[in-house]
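Engineer: what's the 3D shape of this:
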Amino acid sequence: MPEVVPALHGREELLAAIDARLAAGGGVVLHGPPGIGRTALLDTVADQAAARGELVLRLRPARGERALAYAGVADLVRQVPAEAVAALAPAPRHALIALRQGRPSRTGVPALARRLVMPELLAHCARTSPLLLVLDDAQWLDPESAELIGYAMRRRPGPRVRMLAAERRPGRTRAARLCPAPVAELEVPPLSPDDLAALLEAHGLPCRAASQLYQASAGNPFLALALGGAVAAGPNWRPASLPEPVRELARERLAELSTETRDTLLVAALATEPTVTLLLRAGRDDAVRELRSATGAGIVELTGERIRFTPPLLARVLADETPAADRGRVHADLAAAAYDPVEALRQQALRTARPDPDVAADLAAAARRCAERGAERTAAELYLLAADRCPPDRSADRLDWLVTAARTAITGGVPVVAGRAAEAVLAADAPPAHRVRARLVLLDLAGQALADMGETFAAALAEAGDDPALAAPVRLRLTWTALLTGDLEGGVAEAREAERAARLAGDPTTESMALTALAQIQRVQGEPGWRDTLERALRLPATPAPDWLHYGPHYFAARFALFDDRLDEARADLLNLLAVAEHDRIGEARVEVLRSLSEVATRAGRCQEALRYAHRAVRAAQDAGLSPGPTWYTAAVAELAGGSLEAAAGFARRGIRASRQEGDGLYLRRNLHALGQAEVRSGDTRAGVATLRRLRDSEAEAGSADPMIVRWRADLAAALASVGEHAEAATTLALARQAAEGLGSSPALAGYLDRAAAIVSSESGQADLAADLATAAARHFERLRQPVEQAHALLVAGGAERRRRRYAAARQAIGAAHRLFRTTGARPWAREAELALARTEGTPDQGLTSTELRIAGMVRDGASNREIATRLYLSVKTVEATLTRVYRKLGVRSRTQLLTVLAVGEITTPS
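Structural biologist: Next comes the predicted model:
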């Protein structure tokens, strides 16, 4: 099976370890199963060595070449430079010619010549440049070549001769014995969920598929990519057929095991929760020994008693490749071995797929008992199995069981069962009520991709007719769709329809969620009536299940407290909601509460707590197969505050792609905001301005007045001023103030606006006004107990003081900011403050703004005004006006005098 991994992701630490060990001389051996990326790592190291001018000799034997004597050495010597061959004495040169032809030497001392030629040849090669021998799939190297290469490496040809080898498993082949000492053996681990997601995104696969593919592949990149092509074709919940290359690889790995071990693993594959004791009870007397063999082969992992296939698809292939009669016998053994009567009933039912009314009734009764005790996952699976075993004369029962299976599976977090049951209802001649409920399940499975479900919505409304109990939940989901796509007017209309229908149907839970959505839209539109709407929702006697909690009024009351900077209230309410959301089997409510807690912690200056909550949310969303755009936004915000700007930009870019794939306009815009901030703070201000302009255009199209609008407009105004676009910066700031007046609910808005105005003023040469505005903003954030925002304002104040040439005041403000950043764990901000402090101790810049300094530096380098305008994307008039201000500040009257000032180093310009 060829191992093809087109791109390396998440291998930085492993590559660094390989480089460090090879730099010290000796050899490195990589171990790992097929598809894990060994070949890609070898190719990367080899290419880097060749780029450094080293001689790289590569061997990649195939399975069939193991029986060909000297095939490996023949490939090796064909790559050796001619001058190294010419430097050999006649006897070893003749031996080398024979080896190149893949045959033993015919000289008088063939064995000795064969042994001596390789050390001498490698030594000659290493005299001109370091040599790296790269051996892939060492298990297929023929024994004769292995003997000669091993002998050469044991002769210690010197530290300039190194070897990098790869094989599937340690202990079964000779890779380590082929390398020069010292030898380091390294395992190639599976990719992490984040790294696998990056790999899949690079190949154009849906972001949401990442968690599903990670579970299916156990982090094996070849398997994930092979499976990804099939997953992308249908709904995210529908299990794809295994591509033939994946089946071939699985068969190859299973074929390494004995027949007895495979038989034992079949029992584990067909068990619901396989354990060592269960296998023994099912008659596999040698299970312990056989599991030890399978563990050594990397087929399964044991955690205490529990057995897990790695990757899980090995269990599926093993079961699929087994005849039905043999599977039936194993199910019978498992039924006899089961402790739980429900599990025994399930295994008995799986012995055959034939309809049986008694078995179906027993399964449905067991499903009801499981649902009553909260075992929704088991209940859903049993309801579906009961429907599968139902005879034709009980079609009404079958449809009831399918609908119940679908909804119970949603609650239990089993999307595969939910989707299959819902589609089975729609494929049958079902009554309208059953069909609407099935379509609601499919809508709920769509997650953030509701905008793609237009046909399902239309059919559900038609089937609901005039029945308000059926129409209300459909209208509610249409409201959520409008929110996601930015159709706010449509959302208002749908929310009111959903509220009316739910009230007629006597459904207070749906009514409260409709009112909550309406309040959300009203707030986004800047309508003050949102408070009354939310109060109406809170007064209703609604008891949403834990998995619907994030659509209810109590959750949005906490969210609005966050928006309004009532952080203590928001945190207390969210912690109470988290206790309820922990019972959410789907995971979406838990994810949303964790996201909100992260945002509260970021605002309150608990940056490391914010990172922990954000990454918990990311993991929970991955585990549940949820849309990743919102959690990646939250992670980006947390990284901006307390992690790294590079990580923040990575999360934001992935969030943009995910949100675009799923038609989620809201989180597309929020991820654009996070990316724009990361770019500006990383020094790529032009890119940040372009990103924030994209956000501005998207907001205008959506007609949104989201409270975030003030914050991103303030960020855009500051960035525009930094690149010399002063007129647009002033206009943007004015629009931000106008939006703030329309909202008027967040005490922090004045601080954001004053801080942005300070940056705009500073970049426009009004350092006195800038210092006053930034200082006022810092005091404002101090009163609100938002220390990171306070420190940011102090940082801006310090920059303004520096431009006023008040260096002691600048150091005092920036030093205070630095202390706050360190206290709150705001690591990237602390690094920024350290750089700002260093600048206060350098040469005075005569009060020039960053744009003025940049243009002055380009003048120093000989650029004309037109060239400066082209490079900085400015008009020539803007460049001329900026130079006029520079002349005035420096007391010069011409370009020649400016060059003199720059030449004597009176100001420091960017290099």
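
Engineer: outline the domain layout of this protein.
Structural biologist: If you go by automatic domain parsing, the domain ranges for the chain are 12-187, 192-240, 242-351, 353-445, 705-842, 850-903.

Engineer: now the terminal residues of the third one, how far apart.
Structural biologist: Just to be clear, that refers to domain 242-351. End-to-end span of domain 242-351 (C-alpha to C-alpha, to the nearest Å): 24 Å.

Engineer: roughly how far is it from the heart of the chain?
Structural biologist: 32 Å (C-alpha atoms, centre = their mean, to the nearest Å).

Engineer: also the fourth one?
Structural biologist: Here domain 353-445 is found 33 Å from its chain centre; the criterion is C-alpha atoms, centre = their mean.

Engineer: so who does residue 89 touch?
Structural biologist: For residue 89, the contact set (C-beta atoms under 8 Å, 6 or more residues apart in numbering) is empty. No exception for glycine: its C-beta is placed from N, CA and C like everyone else's.

Engineer: worst-scoring helix or strand of the protein, pLDDT-wise?
Structural biologist: helix 895-903 (a mean of 68; mean pLDDT, DSSP states H and E).

Engineer: all strands for the stretch 151-300 of the chain, in order.
Structural biologist: 161-167, 183-187, 300-303 (DSSP state E, counting those that start in this stretch).

Engineer: hmm, I typed the wrong one, I wanted the chain.
Structural biologist: 26-31, 55-59, 131-135, 161-167, 183-187, 300-303, 306-309 (DSSP state E).

Engineer: which of those strands sits closest to residue 328?
Structural biologist: Set against residue 328 and scored by C-beta to C-beta, the strands of the chain come closest in strand 306-309, at 21.1 Å.

Engineer: report the buried residues of the closest one.
Structural biologist: Within strand 306-309, the residues that qualify as buried are 307, 309, counting by 16 or more other C-beta atoms under 10 Å.

Engineer: not counting its own residues, what contacts it?
Structural biologist: So strand 306-309 is contacted by 265, 268-269, 273-276, 279, 291, 299-302, 315 (C-beta under 8 Å, 6+ apart).

Engineer: what's around the residue nearest to residue 205 when sequence neighbours are not counted, how many residues?
Structural biologist: Among residues not flanking residue 205 along the chain, residue 228 sits closest, at 4.4 Å (C-beta to C-beta, 6 or more residues apart in numbering). Using other C-beta atoms under 10 Å, residue 228 is surrounded by 25 other residues.

Engineer: look up how far residue 206 lies from residue 228.
Structural biologist: 9 Å (C-beta to C-beta, to the nearest Å).

Engineer: about what we covered before: show me which of the contacts of strand 306-309 are buried.
Structural biologist: Buried, going by 16+ other C-beta under 10 Å: 265, 268, 269, 274, 275, 276, 279, 291, 299, 300, 315, out of those.

Engineer: got those residues as a markdown table, with pLDDT and distance to residue 503 columns?
Structural biologist: Formatted as a markdown table, the buried ones among the contacts of strand 306-309 follow (pLDDT from 0 to 100; distance: C-beta to C-beta, whole Å):
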| residue | pLDDT | distance to residue 503 |
| --- | --- | --- |
| 265 | 97 | 57 |
| 268 | 97 | 53 |
| 269 | 97 | 51 |
| 274 | 96 | 50 |
| 275 | 96 | 51 |
| 276 | 96 | 57 |
| 279 | 97 | 56 |
| 291 | 96 | 59 |
| 299 | 92 | 58 |
| 300 | 94 | 55 |
| 315 | 94 | 50 |
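
Engineer: returning to that earlier point: and which of the contacts of strand 306-309 is nearest to residue 24?
Structural biologist: Nearest member of the contacts of strand 306-309 to residue 24, counting by C-beta to C-beta, is residue 301, at 33.1 Å.

Engineer: list the contacts of that closest one.
Structural biologist: Counting by C-beta under 8 Å, 6+ apart, residue 301 has contacts 295, 307, 308, 310.

Engineer: and it, what are its bridge partners?
Structural biologist: Residues in a beta bridge with residue 301, per DSSP bridges, are residue 308.

Engineer: any idea how far it is from residue 718?
Structural biologist: Taking C-beta to C-beta, one finds residue 301 at 52 Å from residue 718.

Engineer: how about residue 272?
Structural biologist: 58 Å.

Engineer: the more surrounded of those two?
Structural biologist: Higher neighbour count among residue 272 and residue 718: residue 718, with 26 against 15, using other C-beta under 10 Å.

Engineer: how many other residues sit next to the nearest residue to the more buried one once chain neighbours are set aside?
Structural biologist: Nearest residue to residue 718 in three dimensions, chain neighbours excluded: residue 759, at 3.9 Å (C-beta to C-beta, 6+ apart). Residues near residue 759, counting by other C-beta under 10 Å, number 25.

Engineer: I'd say residue 759 and residue 721 touch.
Structural biologist: Yes. At 5.7 Å, residue 759 and residue 721 qualify as touching, with contact defined as C-beta atoms under 8 Å.

Engineer: start to end distance for stretch 717-728?
Structural biologist: 7 Å.

Engineer: buried set for that stretch?
Structural biologist: 717, 718, 719, 720, 721, 722, 723, 724, 725, 726, 728.

Engineer: how much space between the second one and residue 247?
Structural biologist: Residue 718 sits at a distance of 56 Å from residue 247 (criterion: C-beta to C-beta).

Engineer: if we can go back for a sec, wait, what's in contact with the residue nearest to residue 718?
Structural biologist: Per C-beta under 8 Å, 6+ apart, neighbours of residue 759: 717, 718, 721, 722, 770, 796.
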